[in-house]
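> Predicted coordinates and the sequence they were generated for:
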Amino acid sequence: MNEPIASVEFTLILIYFVYGLAHFVLGFAVALETGRTSQLRFSRALPLLAAFGITHGINEWIEMFALIAAQIPSMHSEPEWLEILHIGWKAFSFFFLFGFGTQLMLQLTERQRWLRNVPALAIFLYLTVILAMFLRALPGLPNSAILSMWTNYALGVPASILAALALLAQRRAFVQENLPQFGRDLVGAALSVGWYCILDQVIDVSAPFFPANWINATTFWHSVGLPVEIFRTIVIIALAFFIIRSLRVFEVEYARRLEAAQQARFQAQEEARRELAVMFETCRLLGTSLERDQLMSDFLNQIISQLEPVVGATVYLYDPATAELKIQMRRVRAGFELTLPQKECSRHAARRAFETGEIAYEYEASSGLAFVSVPIVTQNKIVGVLCLAHQQAFSNYAVIQTLARQLGIALENAQLYTEVQEKEKLRGQLLERVIAAQEEERKRIARELHDETGQLLTALAAGLGGVEQTIAQEPERARYQIAELKNIAMHAIDSLRHFVADLRPSVLDDLGLVAALRWLTEQFAERTQLSTEFHVTGKKCRLASQVETVLFRIAQEGLNNIGRHARATRASVRLEFLDAQVRLVVEDDGCGFNVAEVLTARPQRRAWGLLGIQERVELVNGKFQVDSAPGRGTRLVVEIPLAA
């Protein structure tokens, strides 16, 4: 081999080495970037570009080793099958370039779904023509040259064009994402791919068909005076340069994401701080008052002034009497007023939240106002709904759920405070009635002792004085007077015995509650001429003295009420000894009454007997219930735990 030819061959070997190295560096650099976590669509197609760079670099090194082998006499002729394997490897590398362009275009252009079929169609056409070549080979033609150029035209050219178009489309995406500096790099990369398509795919070995028979590596060398491989190397180095420069977009994107995450964190912290301040101040206000209207007013004003999206707030409470949700209080921001459709929307959201027990959301389309309703729960029972109206997005429902729970606790405390105040008031009135009843009882005792027992004792004393005068002179008359005085004394004793029995029957202390109730019902039936029954169920036992006294007095008060007010024809008293409690039931078939009206009536018309029964039951930790209605009698039930 002469010296100029050897020099050219050596130069081509070096060029192929650099050419393959440029491909390999491109693929390796891109492969390193594919490990980044990125939200850019560009990153999803990079693994295919990396695979193309590495595989095509290996392909060029195979060409280099083929040139080296040509310098060795024993390996001067390359086997046909090795050439075909080499062409297959080149086709394999073009497959990755096809995939890169298709993947990137599909991510950037939603309407171009037909592009996904282009690689499959190109590969099908490529394989079909190759199969035809092998089935009917053209005589006298180098099959390896034909296969190589067909690989370039069928796979390399369309893959390069598609990749260049994809890079230009990605450039537009970078501009839209405010990354124009990387768009310029992608323009350079697209131009490099275009020149790569011309210099590597179009200008290659000579083949007996157009344009390979007109423009090829030989004609290019004769026209330019330099081998086309030099320009290929320059182009692929430029492509690697622009692609690697464009990969810096991931650093910028990471910095932006980090900054956005920090801003989001700061905003979340500020929002959390503001929400905590709102909850703290609202909870503080709820604890400053036990007056229900005052605490609801302070609560709603605080929410409207502190929660920025909220322009109105309404509290609905459930009314058991009407079984409906009723507006208890509504507050709106200054200068804002709810229209009738908006009020209806708020009521609908509140009703849905109350029925489902979950957060309900309604949107009023005409005004763009949204309503979010949260159930108000006390003691695992929904008692109302907190409904907030807001104009902007409001997604932190945990805040309003917490506020609704705090409002429920405050309303429960206010209700308990009101009940305590009412009970204290009733207790005071009841105490006045008890004192008045005690005074009346003292007057009655004094009157009965004076009118009956006192007169009997006075008559007894006067009779004894007469006996003293007549016993010596008229013994028979004195004996008669003594007999009369004896009857007077017995009558006085009976009167005192009945009087003491009315105050507290001795049978209650001597024989217990069961005997005392049986005696009480017999006395009541004899006195009122009503059909009165007494029943005992369960295992009888003696109870604590205080409990027996309470039950006896309640039965006594119940029977007295039946005799005075019920206009009944039948009454019954039932005592039930259960496992953990004792139950007393007093019933009648009288005219009945409205329990709620009687218990809440004015002091002059209030049922002080029932209130007295309630007080007695509470002293022994019992339960008291009155079931009555006009026209269907009355049922009084008292339950006292045996532990009392």
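That came in fine, so what should we check first? Numbers count the residues shown, from 1 in each chain.
> Off-centre distance for stretch 574-584?
Taking CA atoms, centre = their mean, to the nearest Å, one finds stretch 574-584 lying 45 Å from the centre of the chain it belongs to.
> and what of stretch 291-302?
In this view, stretch 291-302 has its centroid 26 Å away from the chain centroid, taken as CA atoms, centre = their mean.
> Mind checking the pLDDT average for it?
Summarised as a single mean, pLDDT over stretch 291-302 is 75.
> for stretch 148-165, same thing?
Summarised as a single mean, pLDDT over stretch 148-165 is 83.
> Buried residues, that stretch. List them.
Of the residues in stretch 148-165, those with enough neighbours to count as buried (16 or more other CB atoms under 10 Å) are 148-160, 162-165. Using the backbone N, CA and C atoms, a C-beta is placed for each residue, glycine as well.
> how distant is that stretch from the center of its chain?
56 Å.
> before we move on, back to that, which of the buried residues of stretch 148-165 fall within helices?
Ser148, Met149, Trp150, Thr151, Val157, Pro158, Ala159, Ser160, Leu162, Ala163, Ala164, Leu165 (DSSP state H).
> in the stretch 451-600 of the chain, which segments are predicted with low confidence?
Using pLDDT under 70 as the threshold, the predicted model of the stretch 451-600 of the chain has low-confidence ranges 451-456, 459-461, 467-468, 472, 478, 485, 494-495, 497-507, 598-600.
> all helices of it, in order?
454-470, 475-503, 506-510, 513-528, 545-561, 595-599 (DSSP state H, counting those that start in this stretch).
> Kindly report the same for the stretch 1-150 of the chain.
According to DSSP H, counting those that start in this stretch, the helices that the stretch 1-150 of the chain contains are 3-33, 42-70, 80-108, 118-135, 143-151.
> re earlier: pick the most buried one from the helices of the stretch 451-600 of the chain.
Most buried of the helices of the stretch 451-600 of the chain by mean neighbour count (mean count of other CB atoms under 10 Å) is helix 545-561; its value is a mean of 19.
> ok, and what's touching it?
Counting by CB atoms under 8 Å, 6 or more residues apart in numbering, helix 545-561 makes contact with 508-509, 512-513, 516-517, 520-521, 524, 532, 542-543, 571, 573, 575, 582, 584, 586, 609, 612-613, 616-617, 619-620, 622, 636, 638, 640, 644, all of which sit outside it.
> Gly633 and Leu307, how far apart?
With distances defined as CB to CB, to the nearest Å, the gap from Gly633 to Leu307 amounts to 55 Å.
> repeat for Leu511
Using CB to CB, we find Leu511 at a distance of 70 Å from Leu307.
> Could you do Tyr16 as well?
Using CB to CB, one obtains 71 Å as the distance from Tyr16 to Leu307.
> on that earlier part again, now the ones in helices among the buried residues of stretch 148-165 as JSON lines including distance to Cys387?
Supplementary listing: those in JSON lines, determined by distance: CB to CB, whole Å:
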{"residue": "Ser148", "distance to Cys387": "77"}
{"residue": "Met149", "distance to Cys387": "77"}
{"residue": "Trp150", "distance to Cys387": "74"}
{"residue": "Thr151", "distance to Cys387": "71"}
{"residue": "Val157", "distance to Cys387": "67"}
{"residue": "Pro158", "distance to Cys387": "63"}
{"residue": "Ala159", "distance to Cys387": "62"}
{"residue": "Ser160", "distance to Cys387": "64"}
{"residue": "Leu162", "distance to Cys387": "58"}
{"residue": "Ala163", "distance to Cys387": "58"}
{"residue": "Ala164", "distance to Cys387": "59"}
{"residue": "Leu165", "distance to Cys387": "56"}
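> mind listing the strands for the stretch 251-400 of the chain?
Remark: strands assigned in the stretch 251-400 of the chain by DSSP state E, counting those that start in this stretch are 310-319, 324-332, 360-364, 369-378, 381-390.
> Can you add distance to Val129 and give these back as a markdown table?
Putting the strands of the stretch 251-400 of the chain into a markdown table (distance: least, CB to CB, whole Å) gives the following:
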| stretch | distance to Val129 |
| --- | --- |
| strand 310-319 | 71 |
| strand 324-332 | 78 |
| strand 360-364 | 62 |
| strand 369-378 | 64 |
| strand 381-390 | 67 |
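> Out of these, the one nearest Gly563 is which?
For those, the distance to Gly563 is smallest for strand 310-319, at 37.4 Å, taking CB to CB.
> Averaged pLDDT, that closest one. What do you get?
Mean pLDDT, taken over the full extent of strand 310-319, equals 84.
> go on, stretch 25-36?
Mean predicted lDDT for stretch 25-36 stands at 76.
> From the rest of the structure, what touches it?
43, 46-47, 49-57, 236, 239-240, 243-244, 247, 250, 254.
> if we can go back for a sec, buried subset of the contacts of helix 545-561, written for PyMOL?
A single PyMOL command is used to select the members of those judged buried by 16+ other CB under 10 Å:
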select buried, resi 508+512+513+516+517+520+521+524+532+543+571+573+575+582+584+586+609+612+613+616+617+620+622+636+638+640
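> Among the contacts of helix 545-561, name the ones in strands.
Secondary structure defined by DSSP state E assigns Thr532, Ala571, Val573, Leu575, Val582, Leu584, Val586, Leu636, Val638, Ile640 of those to strands.
> mind listing what the nearest residue to the last one once chain neighbours are set aside touches?
To tie it back to what came earlier, the one meant is Ile640. In space, Ile640 comes closest to Gly622 once its chain neighbours are excluded; the distance is 3.8 Å by CB to CB, 6 or more residues apart in numbering. Residues touching Gly622, when contacts are defined by CB under 8 Å, 6+ apart, comprise Val550, Val638, Glu639, Ile640, Pro641, Ala644.
> min pLDDT across those, which one?
For these, the model is least confident at Ala644; its pLDDT is 57.
> Can you list the buried residues in the helix or strand hosting Ile230?
With elements taken from DSSP states H and E, the one containing Ile230 is helix 228-246. Within helix 228-246, the residues scored as buried using 16+ other CB under 10 Å are 228-246.
> can you give me the mean pLDDT across that helix?
Regarding helix 228-246, the rounded mean pLDDT is 84.
> Could you point out which of the helices of the stretch 451-600 of the chain sits nearest Trp221?
Trp221 lies closest to helix 595-599 among the helices of the stretch 451-600 of the chain, at 112.7 Å (CB to CB).
> mind giving me the domain ranges of the protein?
Listed by automatic domain parsing, the domain ranges of the chain are 3-247, 261-414, 508-641.
> Which positions in the strand or helix carrying Phe182 come out as buried?
Element membership for Phe182, per DSSP H and E: helix 180-196. Of all the residues in helix 180-196, those buried under the rule 16+ other CB under 10 Å are 182-183, 185-186, 188-196.
> mean confidence score for that helix?
The average of the pLDDT scores along helix 180-196 is 86.
> got the angle between that helix and helix 42-70?
Angle, helix 180-196 to helix 42-70, by axes from the mean of the first three to the mean of the last three CA atoms, to 10 degrees: 30 degrees.
> after helix 180-196 comes which helix or strand?
Once helix 180-196 ends, the next helix or strand along the chain (criterion: DSSP H and E) is helix 217-224.
> that older thread, out of Leu511 and Leu307, which sits in the more crowded spot?
Neighbours of Leu511 and Leu307, each counted by other CB atoms under 10 Å, are more numerous for Leu307; the result is 21 against 14.
> what are the phi and psi values for the more buried one?
Note on Leu307: backbone dihedrals following degrees, to the nearest 10 are phi -90, psi 110.
> any idea how far Ala313 is from it?
Per CB to CB, Leu307 is found 9 Å from Ala313.
> hey, what's in contact with both of these two?
Residues within reach of Leu307 and of Ala313 at once, by CB under 8 Å, 6+ apart, are Leu388.
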